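Q: Fold the following and give me the result.
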Amino acid sequence: MPTSFLGSALRGTFLSTLGLWWSVRYPLRYLRRNSDAQSQPSCGAQRLEVLEGAVKAFFALAGILVEQFVPTGPHLQLYSHKTHSWMELTHWHYSTMYLFFLLSGIVDIASHSPLKLPLGLDRLMLAVALLIEGLLFCFHDYSDAALDHHLYSLLAVAIFAGALCAFLEVFLRDHIILETFRTSSFLLQGSWLWQIGFVLSPPWGGPGWDQTDHSNFTFLTMCFCWHYAGALLVLAANSAASRCCNESCQLKFGDIDVELDCGMCIRRGNKSSDGALLPESPSEDK
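A: Numbers count the residues shown, from 1 in each chain. You can find the predicted model right below:
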């Protein structure tokens with residue numbers, strides 16, 4: 001599979017951005033719910049879900065347009081009647097991957113619309129998008145490029161792990177362990193796609209790594225494990241930052257209920273109707 005560094009970096013940035021966002025959002029939401037077991041999803045949280053879906057759909061659509069309309073792209077032409085051959089199937093390969101993430105973003109938006117879609121459909125669509133991504137990489141013809149096949153096989157491990165988590169979340173909604181593992185798989189996918197770009201198409205030019213050197217296979221397998229260790233460190237750092245943010249908000253607002261969404265402290269309405277925070281009227285003193 002011919003790979004360009006910019007294309008691999010673009011796909012890696014898309015997946016890493018999702019992972020970084022979730023690595024902040026999910027710990028904050030978990031800490032808020034853990035501090036108030038009776039809390040319910042607020043309007044702000046639902047708007048955040050819609051915004052997340054819109055951003056995902058926007059970047060997926062942008063990815064499709066980039067893959068199709070770069071100078072070497074197929075420009076939406078799948079088959080050439082002049083040469084009687086398929087047109088730039090590698091670009092169509094990645095366009096198909098982005099297409100299912102676009103559908104996932106649309107379902108995210110529709111899930112919080114008046115359509116009242118079934119609960120869990122958004123996670124199911126995300127699992128489908130990841131399964132399609134994994135299948136595209138697993139069953140592509142790598143010819144004699146053994147190193148390419150090894151790199152994308154390692155990537156498929158992260159993809160299918162994320163797909164399994166997303167599928168389980170259809171039935172175990174808002175499960176922090178599953179969400180954390182899915183987040184780590186997206187961070188791993190993103191950083192590994194950057195690594196693939198450096199290995200197969202270095203940005204400084206020149207040929208990629210030697211396809212016949214078996215020591216490269218051993219090193220890159222070990223490097224894949226290091227990438228996952230880095231993803232776990234990012235998760236740990238963001239979780240620690242979320243905890244500090246949660247504690248600072250509690251110290252600042254005292255007994256006032258605080259909702260943490262997108263790292264911001266928002267004052268909620270007082271649950272009780274006794275007016276404890278309001279000054280007593282003079283007539284009540286009599």
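
Q: Helices of this protein, start to end?
A: Taking DSSP state H as the test, the helices found in the chain are 5-35, 43-69, 89-111, 121-138, 146-169, 176-200, 214-253, 282-285.

Q: Please name the residues that touch residue 63.
A: 10, 11, 14, 94, 95, 98, 101 (Cβ atoms under 8 Å, 6 or more residues apart in numbering). C-beta here means a position set from N, CA and C on the backbone, and glycine is covered the same way.

Q: From residue 133, how far out is the nearest residue to the second one once chain neighbours are set aside?
A: I take that to be residue 11. The shortest distance from residue 11 to any non-neighbouring residue, by Cβ to Cβ, 6 or more residues apart in numbering, is to residue 193 (5.1 Å). Look at residue 193 and residue 133: by Cβ to Cβ, to the nearest Å, they are 11 Å apart.

Q: now swap in residue 173 and tell me
A: 23 Å.

Q: out of those two, which sits in the more crowded spot?
A: Just comparing residue 173 and residue 133: by other Cβ atoms under 10 Å the higher neighbour count belongs to residue 133, 25 against 11.

Q: Please name the nearest non-neighbouring residue to that one.
A: residue 97 (4.9 Å).

Q: which ones are touching the one you found?
A: 11, 132, 133, 136.

Q: dump the residue contacts of the residue nearest to residue 11.
A: Per Cβ under 8 Å, 6+ apart, neighbours of residue 193: 8, 9, 11, 12, 15, 155.

Q: between these, which is nearest residue 184?
A: residue 15 (11.8 Å; Cβ to Cβ).

Q: Can you list the buried residues in stretch 193-211?
A: For stretch 193-211, burial by neighbour count (16 or more other Cβ atoms under 10 Å) applies to 193, 194, 195, 196, 197, 199, 200, 201, 208, 211.

Q: chain center to it, what's the gap?
A: 24 Å (Cα atoms, centre = their mean, to the nearest Å).

Q: What separates the first and last residues of it, distance-wise?
A: 18 Å (Cα to Cα, to the nearest Å).

Q: Which pLDDT does the model give the closest residue to residue 142 other than its chain neighbours?
A: Spatial nearest neighbour of residue 142, chain neighbours left out: residue 149 (4.2 Å); criterion: Cβ to Cβ, 6+ apart. Looking at residue 149, its pLDDT reads 90.
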